[in-house]
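Asker: the following comprises the amino acid sequence and a computationally predicted model.
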Amino acid sequence: MSTYSSSSGTYYELEMSGKTIPMQSTVVVIRNDGDEPSILEGEDAVDSHSPKNWSPWKKRLLFLALMSSSILADGGMTWGATLVVPQAFEWNTSINHSATSLNYGILLQGFGGIIAVPFIDAYGRLPVWLYPQIITLGVVLGCVYAQSWSVFTALRALQGLFGTVPQVIGLPIIHDMYSPDEWPRYINIWGTTFLVGPFLFPALAGYILDGSDSWRDCFKVLTGFYGFSTLLILAFGYETFYNGATSTQSNSSRRIKSFFGVGNTNLPKSSTLAASTLNLIKLTFTPPILLVGLSTMINFTWPIGITTTVDSFVRAPPYLFDDVEDASIRFAGVIGALLGFCFGYFFNEWIYNGSNGSRKAHWRSEYRLHGVWFPIGSMVCGLLTYGLTLHYGKSWVGLAFGWIMVNIGLVGSMVAITAYVLEKHPQHSAVVSAIINMWRTCGGFAVGYFQPSWIQRDGIAAVFATQAAVVAVCAVLLIGSTIWLGRRTARGKVGSESTVGA
C-alpha cells in the first residue's frame, strides 16, 4: 500500500489483481463482474437500492432508530448526574467524588469513536452500530447490580467507550442517505438529538429517583431505553454503504448478512483498516480540522461543567433544591438546546440560499462557520449570567436563563462546525465525525476535575468570567483562522485557473 496527494486530499493505493487503484475512505468498492475495484463518482439515479433513493418512510424509520441511539449516547452517560447524592451516601464518599464516576466514561467516548472508524470503513455502518449498542445494554444492566463505587465507575467507563458509536456513525448515515443540500438540515436534527440528551436524561432520572427512592431503579429504566433502541435498530436498521453493483440491500438474506458485516462493503479488510487508520491520523492534524476541533473542545468544556456540577450548587444554600427541583432546572438546558436547533436550522437555510444566490454561485464550505458567531455570543452572555447569579446568590431564574443561553451556543456552534467538516470532507464522514467527537469529549472529561478546585481558589465570579473570555477569544482566533484559510485557498484556486486560462 502506498500514498499520494492531490488537491482534494491524500489517497491510499491498494494493489489488487496486478493493478494499483486509489482508495479513499468509504468510496472504493469491488464489483462482482470481475472483482475490479472502482471509485463510485455517484449513484445510479434509477437504482432503488441506493440509500439516497430509498422510500421516504424507510429513511424516516432508519433515522428514528439512529436518533433513539444517539440521544442515549450522551444522555445515557449523564443519566447518573442527578443520582450522585444517594450514591455518595451508599458508598460513603463525598458528593464531588461520587460525581467523578461520569468522567472516565465521558473521556472514553472520544476514544471509542476513534476506534470505531476503521471498522465502519471496513465492515459497514450497521454491524458497528448494532453490536456496541448490545454491549452497552449489558454494561448498563451491570450498573444496576454494582456493589461498589469502583465497579460502578468501571462499568460507566465501558458505557462511554461502546455507547458513543451513534455519535460517530450518524454523519456517515446522513451522508449515505441524503443529498448534500439536505445534509445541514439532518445534521441539525441528529446533532440536536444527542446534544439534548445530557440535559433531558438527568431530569428524567431525577424524577424517577424521587418516585422510587432508588438510584438502581433509575438504571433499570435506562436499561429499558437501551433495549428499546436496540429493537429499533434490529427492526429498521439497514446498511447504508452504497455499492451499486452488488446491491447489498436487495433481499432479506443479504440484510441478515449485513448485520454480521458480510457483503456490506466488499473491501479488503486488512488494507482498509490500515488505510482508514492512516487517514484518521492525517486528517486529525489537518489545519482546518484541528482548528475547529480545538474550538469544539472549548465550546463543550463549560456547558458540560455546568451539567456535571450543578447539583453541588443548587442543593446548597441559598437554593436548597430537592430531587424534583434539581431535576426540573435541567429543562433549562433542554430549552437552550432546542433554541440552538432552531437557530441552526434557519441559519443554514439562509447562508446557502441568501444574497440572491451570489453565495451559492461562489460557495465555500467556510461560509457555514459564520453560524458560530451568534451562538458564541449567547454562550458568553450565558456564562456571565450563570456565574454572577451564583456569586451573588440571586434567584434560580438567573441560573436557568444563563443555562439556556449557554446551550444555545453549544448546539448552534456544534451544528455549524459539523456541517462544515462534512461538507469539507464528504467522503470522510465517519473520520471527521469521530475527530470532532473526540475533541468534544476531551473537554467534557477534564472540566469535572479542575473546576471545583478552581472555584474554591478564585471564586465563582472570576471562574465564569474567565470561561466566557476564553470562549470569545478562542472563537475569534480558531474559527476566524479557519475562515481565513478557506478564503486564501479559494483565492489561490482562482489565481491558478486564471493563469491556466491565460
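Answerer: Yep, it's here. Numbers count the residues shown, from 1 in each chain.
Asker: care to break the protein down by domain?
Answerer: Domain ranges of the chain: 2-39, 55-501, per automatic domain parsing.
Asker: most packed of the ones you listed?
Answerer: Sort the domains of the chain by mean neighbour count, taking mean count of other Cβ atoms under 10 Å, and domain 55-501 sits at the top with a mean of 20. All C-beta atoms are positioned from the backbone trio N, CA, C, and that covers glycine.
Asker: how far off centre is that one?
Answerer: 3 Å (Cα atoms, centre = their mean, to the nearest Å).
Asker: any idea which residue sits dead centre in this protein?
Answerer: In the chain, the centroid-proximal residue (Cα atoms, centre = their mean) is residue 167; its distance is 4.1 Å.
Asker: in a helix, residue 78, correct?
Answerer: Yes: the assignment for residue 78 by DSSP: H, G, I helix; E, B strand; the rest coil puts it in a helix.
Asker: which residues does the residue nearest to it when sequence neighbours are not counted contact?
Answerer: If the residues on either side of it in the chain are set aside, residue 78 comes closest to residue 198, at 4.3 Å by Cβ to Cβ, 6 or more residues apart in numbering. Neighbour list for residue 198: 74-75, 77-78, 304, 307, 333 [criterion: Cβ atoms under 8 Å, 6 or more residues apart in numbering].
Asker: mind putting the residues you listed in CSV, pLDDT included?
Answerer: Converted to CSV, the contacts of residue 198 look like this (pLDDT from 0 to 100):
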residue, pLDDT
74, 88
75, 92
77, 91
78, 88
304, 83
307, 82
333, 91
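Asker: just the closest of these to residue 376, please.
Answerer: residue 304 (16.4 Å; Cβ to Cβ).
Asker: which of the three states applies to residue 449?
Answerer: Put simply, residue 449 is helix when judged by three-state DSSP.
Asker: secondary structure element holding the residue nearest to it when sequence neighbours are not counted?
Answerer: Closest residue to residue 449 apart from its sequence neighbours, by Cβ to Cβ, 6+ apart: residue 103 at 6.8 Å. Per DSSP states H and E: residue 103 is located in helix 103-123.
Asker: pLDDT of the helix or strand following that helix, averaged?
Answerer: The helix or strand immediately downstream of helix 103-123 is helix 125-144, counting by DSSP H and E. Mean pLDDT, computed over helix 125-144, is 96.
Asker: which other helices and strands contact helix 125-144?
Answerer: helix 56-77, helix 103-123, helix 149-163, helix 165-177, helix 215-236 (3 or more Cβ pairs under 8 Å, 6 or more residues apart in numbering; DSSP states H and E).
Asker: for residue 276, which of those helices is the nearest?
Answerer: Checking these against residue 276 by Cβ to Cβ gives helix 103-123 as the closest, at 4.0 Å.
Asker: related to what we said a few turns ago, can you list the domains of the chain in TSV and add distance to residue 48?
Answerer: Below are those laid out as TSV (distance: least, Cβ to Cβ, whole Å):
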stretch	distance to residue 48
domain 2-39	18
domain 55-501	8
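Asker: worst average pLDDT in these?
Answerer: domain 2-39 (a mean of 37).
Asker: all strands for the protein, in order.
Answerer: Assigned by DSSP state E, the strands in the chain fall at 2-6, 9-16, 19-23, 28-30, 37-39.
Asker: returning to what we had before: with distance to residue 47 as added columns, please give the helices and strands packed on helix 125-144 in JSON lines.
Answerer: Compiled in JSON lines, the helices and strands packed on helix 125-144 are given as follows (distance: least, Cβ to Cβ, whole Å):
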{"stretch": "helix 56-77", "distance to residue 47": "14"}
{"stretch": "helix 103-123", "distance to residue 47": "22"}
{"stretch": "helix 149-163", "distance to residue 47": "34"}
{"stretch": "helix 165-177", "distance to residue 47": "13"}
{"stretch": "helix 215-236", "distance to residue 47": "21"}
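Asker: tell me which of those helices lies nearest to residue 320.
Answerer: helix 215-236 (20.6 Å).
Asker: before we move on, back to that, nearest to residue 460, of the helices and strands packed on helix 125-144?
Answerer: Of all the helices and strands packed on helix 125-144, it is helix 103-123 that lies closest to residue 460, at 21.1 Å by Cβ to Cβ.
Asker: that older thread, tell me which of the helices and strands packed on helix 125-144 sits nearest to residue 298.
Answerer: Going by Cβ to Cβ, the one of the helices and strands packed on helix 125-144 nearest residue 298 is helix 103-123, 14.7 Å.
Asker: alpha carbons only: can I get the closest one in PDB?
Answerer: Taking Å, rounded to 0.1, in the frame of the first residue of the first chain, the C-alpha atoms of helix 103-123 are listed here in PDB:
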ATOM      1  CA  ASN A 103     -15.700  11.400  34.000                       C
ATOM      2  CA  TYR A 104     -14.000   8.300  32.600                       C
ATOM      3  CA  GLY A 105     -17.000   7.400  30.600                       C
ATOM      4  CA  ILE A 106     -17.100  10.900  29.000                       C
ATOM      5  CA  LEU A 107     -13.300  10.600  28.200                       C
ATOM      6  CA  LEU A 108     -13.600   7.200  26.600                       C
ATOM      7  CA  GLN A 109     -16.500   8.400  24.400                       C
ATOM      8  CA  GLY A 110     -13.900  10.200  22.300                       C
ATOM      9  CA  PHE A 111     -11.600   7.100  22.100                       C
ATOM     10  CA  GLY A 112     -14.500   4.800  21.400                       C
ATOM     11  CA  GLY A 113     -15.500   6.900  18.400                       C
ATOM     12  CA  ILE A 114     -11.900   6.900  17.000                       C
ATOM     13  CA  ILE A 115     -11.500   3.200  17.400                       C
ATOM     14  CA  ALA A 116     -14.900   2.600  15.600                       C
ATOM     15  CA  VAL A 117     -13.900   4.500  12.400                       C
ATOM     16  CA  PRO A 118     -11.700   1.900  10.700                       C
ATOM     17  CA  PHE A 119     -14.300  -0.800  11.400                       C
ATOM     18  CA  ILE A 120     -17.000   1.400   9.900                       C
ATOM     19  CA  ASP A 121     -15.000   1.700   6.700                       C
ATOM     20  CA  ALA A 122     -14.100  -2.000   6.500                       C
ATOM     21  CA  TYR A 123     -17.300  -3.700   7.700                       C
END
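Asker: for it, name the packing helices and strands.
Answerer: Helix 103-123 packs on helix 56-77, helix 125-144, helix 149-163, helix 165-177, helix 269-284, helix 429-458, going by 3+ Cβ pairs under 8 Å, 6+ apart.
Asker: and the fourth one with helix 56-77, angle?
Answerer: I take that to be helix 165-177. Counting by axes from the mean of the first three to the mean of the last three Cα atoms, to 10 degrees, helix 165-177 lies at 160 degrees to helix 56-77.
Asker: for the stretch 301-450 of the chain, which segments count as helices?
Answerer: Using DSSP state H, counting those that start in this stretch, the helices of the stretch 301-450 of the chain run over 323-328, 331-353, 358-361, 373-392, 396-424, 429-458.
Asker: just put those helices in TSV and tack on distance to residue 133.
Answerer: Below are the helices of the stretch 301-450 of the chain laid out as TSV (distance: least, Cβ to Cβ, whole Å):
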stretch	distance to residue 133
helix 323-328	26
helix 331-353	23
helix 358-361	39
helix 373-392	31
helix 396-424	22
helix 429-458	16
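Asker: and of those, who's closest to residue 136?
Answerer: Residue 136 lies closest, by Cβ to Cβ, to one member of the helices of the stretch 301-450 of the chain: helix 429-458, at 15.4 Å.
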